[in-house]
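Peer 1: Dropping a prediction and its sequence here:
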Amino acid sequence: MASVVGSIDSDCAEAMLPRPFRVTSQHAETKDTVTLELEPEDGEAVPFAPGQFTMFYVFGIGEVPLSISGDPHHPETLVHTVRSVGAVTAAIAGLRIGDRIGIRGPYGVGWPVEQAEGRDLVVAAGGIGLAPLRPVVLDVLARRDRFGVVSIIYGSRSPVDLLFAEELHSWRSRFDMEIEVTVDRSDETWFGDVGVVTGLLPRISFDPPRTVAMLCGPEIMMKVVANELASRGVAPDRVHVSVERNMKCAIGFCGHCQFGRDFLCRQGPVLPYAQVADRLRVPEL
Amino acid sequence: MNLRSIRESSELLKRLSNTELEFFESVSREIHLVDGAILFEEGSVADTFFIIVTGKVGLELTTPGRAPMVIQTLGPGDLVGVSWFFTPHRWNWSARAFGETDLVAFDAIEVRHKCEADRDLALEVLGVVAEEVVRRLHRTRIQLLDLYRNT
């Protein structure tokens, strides 16, 4: 009996043990958002699926879940894009090249990119929500011929809050996918769209019966986009959303991220909208 | 202007019968705006309304001492202007072309007269205008939530 308990303890301890990584690049996306590139000290690559997350540990300060924003075809470099909104994320935003941090994971169920093969793909992002969808875009672009029409609609608070601005330009210049960007509040530097992200849906071309959609952003935004897609004929089980809650252990053990009958760290964070639509109307969840 | 070519892109035109569409054609004209051209100005008489064919139009508010603030942009198929339907028939916003823009302009005075004489058409137009107003209100409410502040 003692040996069984000892084995469980050992497994749990191992799962909670972070791997040391070093910051190899730091790029300010906006005034409060940075993209970090990290490399493992042991040199072992971190294969991941688009949409998965890691537990990012700033030694002495704390650990937070962060979606991976890097290229799944280059697992030797782990990339995270993080907005400074609290003590740990502020510490992450303040990291410099050479700093040492801990990583657990990757964890969770990612975007069903394979479901989109042979179909049209709509990627809808709001705010920092573009970061977890960036690996999808990079994956699709790496094997572009396997997908139908690919469209990205992206909403941001203002022009200065846009993530991956240079990359958005370069994606647009490829001419093999549609990209529409809007902001809630414009300024004199902005000549693009102003308004909510749903207003961009009529601008993009997709065939609803053969469309897969991936949405990431504030839950209200995901709800209105999902409803708009449904009204245009996209099947609810082909609309996928990334739902975030307070993840702690990331291995389905502590229950902090329970969302109805799902532990988001294990069954999520990406789930079919049809599966969670009712739950997104429950204030207590 | 042959409206049949853009009928499917416009909620208003989709709702019209062929006879009604012919009437709308008779009071329409095509216009082309260069980038930055003003379509109408806040406070001026709303005697025309528009449907965008290609390009983009920004609705903006002008305040002394600062650049115009763009509140919303509209694209192909969108109805530009609803003030023409309601008294006092004056624009609440200014509208400006964002890039080269093609539109169909309708004589709002003629359409209002027609609606006074044809209550079925009036209801149809009112329905489309009301739906557009509700859609824009819904979107404005979401914008006011400032959803992306911390996300």
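Peer 2: Okay, I see it.

Peer 1: Count residues in the vicinity of the one residue in chain A that gets nearest to chain B, would you?
Peer 2: Closest approach between chain A and chain B, counting by Cβ to the nearest Cβ: A:G127, at 3.5 Å. For every residue, glycine as well, the C-beta is placed using N, CA and C. Counted with other Cβ atoms under 10 Å in any protein chain shown, the neighbours of A:G127 add up to 26.

Peer 1: Read off the pLDDT value for it.
Peer 2: At A:G127, the model reports a pLDDT of 95.

Peer 1: Touching, it and B:Y148? I think so.
Peer 2: Yes - the pair A:G127 / B:Y148 is scored as a contact, 3.5 Å apart, by Cβ atoms under 8 Å.

Peer 1: Next one: the closest residue to chain A within chain B from B:V133, what distance?
Peer 2: Among the residues of chain B, B:Y148 lies closest to chain A, at 3.5 Å counting by Cβ to the nearest Cβ. Distance check for B:Y148 against B:V133: by Cβ to Cβ, to the nearest Å, it reads 25 Å.

Peer 1: quick one: which of these two has more around it?
Peer 2: For B:Y148 versus B:V133, neighbours defined as other Cβ under 10 Å are more numerous around B:Y148 (23 against 13).

Peer 1: Pretty sure the more buried one sits against A:Y154.
Peer 2: No - contact criterion Cβ under 8 Å: B:Y148 and A:Y154 do not qualify, at 10.6 Å.

Peer 1: circling back: spit out the residues that contact A:G127 and B:Y148 alike.
Peer 2: Listed as contacting both A:G127 and B:Y148 by Cβ atoms under 8 Å, 6 or more residues apart in numbering or on different chains are A:G155, A:S156, A:R157, A:D161, A:G217, A:P218.

Peer 1: residues in contact with the fifth one?
Peer 2: A:G217 makes contact with A:A124, A:A125, A:G126, A:G127, A:I128, A:G129, A:G155, A:V197, B:L147, B:Y148, B:T151, according to Cβ under 8 Å, 6+ apart.

Peer 1: Just put those residues in JSON lines and tack on distance to B:R141 and secondary structure.
Peer 2: Output for the contacts of A:G217, formatted as JSON lines (distance: Cβ to Cβ, whole Å; DSSP: H, G, I helix; E, B strand; the rest coil):
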{"residue": "A:A124", "distance to B:R141": "19", "secondary structure": "strand"}
{"residue": "A:A125", "distance to B:R141": "21", "secondary structure": "strand"}
{"residue": "A:G126", "distance to B:R141": "15", "secondary structure": "strand"}
{"residue": "A:G127", "distance to B:R141": "18", "secondary structure": "helix"}
{"residue": "A:I128", "distance to B:R141": "22", "secondary structure": "helix"}
{"residue": "A:G129", "distance to B:R141": "20", "secondary structure": "helix"}
{"residue": "A:G155", "distance to B:R141": "15", "secondary structure": "strand"}
{"residue": "A:V197", "distance to B:R141": "14", "secondary structure": "helix"}
{"residue": "B:L147", "distance to B:R141": "11", "secondary structure": "coil"}
{"residue": "B:Y148", "distance to B:R141": "15", "secondary structure": "coil"}
{"residue": "B:T151", "distance to B:R141": "17", "secondary structure": "coil"}
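
Peer 1: so can I have CSV of those residues showing distance to B:V27?
Peer 2: Shown next, in CSV, are those (distance: Cβ to Cβ, whole Å):
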residue, distance to B:V27
A:A124, 38
A:A125, 42
A:G126, 41
A:G127, 44
A:I128, 48
A:G129, 45
A:G155, 37
A:V197, 35
B:L147, 41
B:Y148, 42
B:T151, 47
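
Peer 1: Tell me the one of these nearest A:A235?
Peer 2: Within these, the smallest distance to A:A235 is 15.7 Å, found for A:A124 (Cβ to Cβ).

Peer 1: Next up, the contacts around that closest one.
Peer 2: A:A124 makes contacts with A:I152, A:I153, A:Y154, A:V197, A:A213, A:M214, A:L215, A:C216, A:G217, A:M222, A:V225, as judged by Cβ under 8 Å, 6+ apart.

Peer 1: Whichever of those end up buried, select them in PyMOL.
Peer 2: The buried residues among the contacts of A:A124 can be selected in PyMOL (16 or more other Cβ atoms under 10 Å in any protein chain shown) with this line:
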select buried, chain A and resi 152+153+154+197+213+214+215+216+217+222+225
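
Peer 1: Can you flag which of the contacts of A:A124 belong to strands?
Peer 2: Judged by DSSP state E, strands contain the following of the contacts of A:A124: A:I152, A:I153, A:Y154, A:A213, A:M214, A:L215, A:C216.

Peer 1: What helices and strands are in contact with the lengthiest helix in chain B?
Peer 2: Using DSSP state H to define each element, chain B has its longest helix at helix B:119-144. Applying 3 or more Cβ pairs under 8 Å, 6 or more residues apart in numbering or on different chains; DSSP states H and E, one finds that helix B:119-144 contacts helix A:219-231, helix B:11-15, strand B:69-74, strand B:79-80, helix B:108-117.

Peer 1: The third one vs chain A: in contact?
Peer 2: Meaning strand B:69-74. Yes - Strand B:69-74 reaches chain A (Cβ under 8 Å from any Cβ of the partner chain) through B:M69, B:V70, B:I71, B:Q72, B:T73.
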